[in-house]
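Chemist: Give the three-dimensional model of this entry:
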Amino acid sequence: MKLGSRAAIGVIAALFICGSVLLFGAPAVGHEEQGLGALSVLHRINPEMPGVEVLVTHPSVPIMTIRNRSDRALLIEGLEGEPFLRIGTSVELNALSATSYQSLDPGGQRPLPPGLNADKEPRWVEVAHDAKWSWLDPRIVFGSEMTLDSTWEVRGTWGDQPITIEGGFEPLEGHGHFSTAIDISDRPNGLDIQFLFGNVPGIYVRNSTGKVLQVPGLQDEPFLRIGPRGTFANMRSPTYHFAGTQALARVPQDTDPSAKPSWKRVSSKPIWAWLELRARLPAEAQLRSVLGAERRTVLSWTTPMYLAGDLIELKGELDWIPPSLDRGAAEDDAGFNPMWGIVAVAWLGVGALAIQRRRSRARRGLEPSEVRRARA
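Modeler: Predicted coordinates for the structure are as follows:
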């Protein structure tokens, strides 16, 4: 029985919906239920691919995520060496590859459709309109016959160039992780600034000083004004559209950081939270081959704000803590732990959920402590 194009699209669409729930909706506490025996980590990408980001995260099972910003299509091979995934200007799955269906069904709950053939010409089905994709790859899962010395690799081609993504495993206790140290310059009473930890961290501000707090964007353009009349966002700021809005959306074409600001009130309260991309560690800096075996600072960043013209700075340093350090020292470091991993379909992480909740509170005129008092 052959798998027709329409049937292939239907099966992949159904699996994509199920896989999205299983892969992206599962809480981090599900590690023990999934039998995760070790942490899957990236070692190196050979050769380097400028414009391509590769991550391994752990919402409940190890997930591989690739974002391709380059001008070449990236093709990933399946378990039998067949074309399985193609990421160019969009994302396509090969409907004749068993890996396409296995990658969307982490529990193995659905039988494979008939008519699959890894040796045939690929039958590509578009599954996303942009160039990023997350999937469960059985090759990066720590199996019962593996040890912590085991390694894994995923092969493919970038344009015409063969590439290999290599990784291995680290113990759940004492694995490598990142630690963030935060320093906020002196600020007046009534100005609450909080750093929200996550793979893409966030910042929460509550300004009750009676003065206007101005926050510049990533290109130093006017981004936010938070003050007595509420929170205003510059609709021409690219930073607002991909880091400051409540919903993820494409950046409008009329954004221009050099243009005169177009202010819109987004909350009647002086409370807002946003993703702080200055504090996000680039994907290429997370390769174990780059990080090394010594503790070191891998990212330093500063977020400037101006309260009635007075500069206030939020500074941070992100340190790499290698697995060679003893477990006790690692546990004493508060910061981002890869076991909290995100799903990079949205590339947000723990900070995004906190931001969404806090924005909701802002619209109701409540901040976290007031919520707790209301419930008491």
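
Chemist: From now on I want contacts and neighbour counts done on CA atoms only, so please keep to that.
Modeler: Noted.

Chemist: Just name the shakiest helix or strand of this structure by mean pLDDT.
Modeler: Using mean pLDDT, DSSP states H and E, helix 31-34 stands out as the lowest-scoring helix or strand of the chain, at a mean of 31.

Chemist: after that one, next one along is what?
Modeler: Sequence-wise, the next helix or strand beyond helix 31-34 is strand 39-46, with elements assigned using DSSP states H and E.

Chemist: Counting by contacts, list what whichever helix or strand comes after that next one packs against.
Modeler: Once the chain leaves strand 39-46, the next helix or strand it forms, by DSSP H and E, is strand 52-57. If contacts are counted by 3 or more C-alpha pairs under 8 Å, 6 or more residues apart in numbering; DSSP states H and E, strand 52-57 sits against strand 39-46, strand 63-68.

Chemist: Quick one: work out the angle between strand 52-57 and strand 63-68.
Modeler: For strand 52-57 against strand 63-68, the angle by axes from the mean of the first three to the mean of the last three C-alpha atoms, to 10 degrees is 170 degrees.

Chemist: need the contact list for residue 213.
Modeler: Residue 213 makes contacts with 207, 224, 225, 226, 227, 305, 306, 307, 308, as judged by C-alpha atoms under 8 Å, 6 or more residues apart in numbering.

Chemist: ok, back up a step: switch the helices and strands packed on strand 52-57 over to JSON lines; also include distance to residue 119, mean neighbour count and mean pLDDT.
Modeler: Listed next are the helices and strands packed on strand 52-57 as JSON lines, based on distance: least, C-alpha to C-alpha, whole Å; neighbours: other C-alpha atoms under 10 Å; pLDDT from 0 to 100:
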{"stretch": "strand 39-46", "distance to residue 119": "26", "mean neighbour count": "21", "mean pLDDT": "88"}
{"stretch": "strand 63-68", "distance to residue 119": "25", "mean neighbour count": "22", "mean pLDDT": "92"}
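
Chemist: which one of these lies closest to residue 317?
Modeler: In terms of C-alpha to C-alpha, the element of the helices and strands packed on strand 52-57 nearest to residue 317 is strand 39-46, at 22.2 Å.

Chemist: For the nearest residue in space to residue 178 that is not next to it in sequence, pull up the helix or strand it's in.
Modeler: Once flanking residues are discounted, residue 178 sits nearest to residue 320: 4.7 Å by C-alpha to C-alpha, 6 or more residues apart in numbering. Residue 320 belongs to strand 310-321 when assigned by DSSP H and E.

Chemist: measure residue 299 to residue 150 for me?
Modeler: 30 Å (C-alpha to C-alpha, to the nearest Å).

Chemist: The two: which has the busier surroundings?
Modeler: Just comparing residue 299 and residue 150: by other C-alpha atoms under 10 Å the higher neighbour count belongs to residue 299, 17 against 13.

Chemist: Now the more buried one: closest residue in space, sequence neighbours ignored.
Modeler: residue 318 (5.1 Å).

Chemist: Next one: the one you found from residue 198, what distance?
Modeler: The value you get for residue 318 to residue 198, if C-alpha to C-alpha is used, is 12 Å.

Chemist: These two: which has the busier surroundings?
Modeler: Shown here are residue 318 and residue 198; by other C-alpha under 10 Å, residue 198 has more neighbours (24 against 21).

Chemist: Angles on the backbone of the more buried one, please.
Modeler: Per-residue torsions, residue 198: phi 170, psi 170 (degrees, to the nearest 10).

Chemist: Just the pLDDT at it, thanks.
Modeler: Looking at residue 198, its pLDDT is 76.

Chemist: which of the contacts of residue 213 lies closest to residue 64?
Modeler: Nearest member of these to residue 64, counting by C-alpha to C-alpha, is residue 224, at 34.0 Å.

Chemist: doesn't residue 286 make contact with the residue nearest to residue 299?
Modeler: No - contact criterion C-alpha atoms under 8 Å: residue 318 and residue 286 do not qualify, at 11.6 Å.

Chemist: in the stretch 1-150 of the chain, which spans are strands?
Modeler: Counting by DSSP state E, counting those that start in this stretch, the stretch 1-150 of the chain has strands at residues 39-46, 52-57, 63-68, 74-77, 83-87, 91-94, 124-128, 132-135.

Chemist: Within its sheet, name the partner strands of the second one and how each one runs.
Modeler: Taking DSSP bridges as the criterion, strand 52-57 sits next to strand 63-68 (antiparallel) in its sheet.

Chemist: Restrict the partner strand to CA atoms and write it as CSV.
Modeler: The C-alpha trace of strand 63-68 is given here as CSV (Å, rounded to 0.1, in the frame of the first residue of the first chain):
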residue,chain,number,x,y,z
ILE,A,63,15.1,17.5,22.2
MET,A,64,17.2,18.7,19.4
THR,A,65,16.5,22.2,18.0
ILE,A,66,18.0,23.8,14.9
ARG,A,67,17.5,27.3,13.6
ASN,A,68,18.9,28.0,10.1
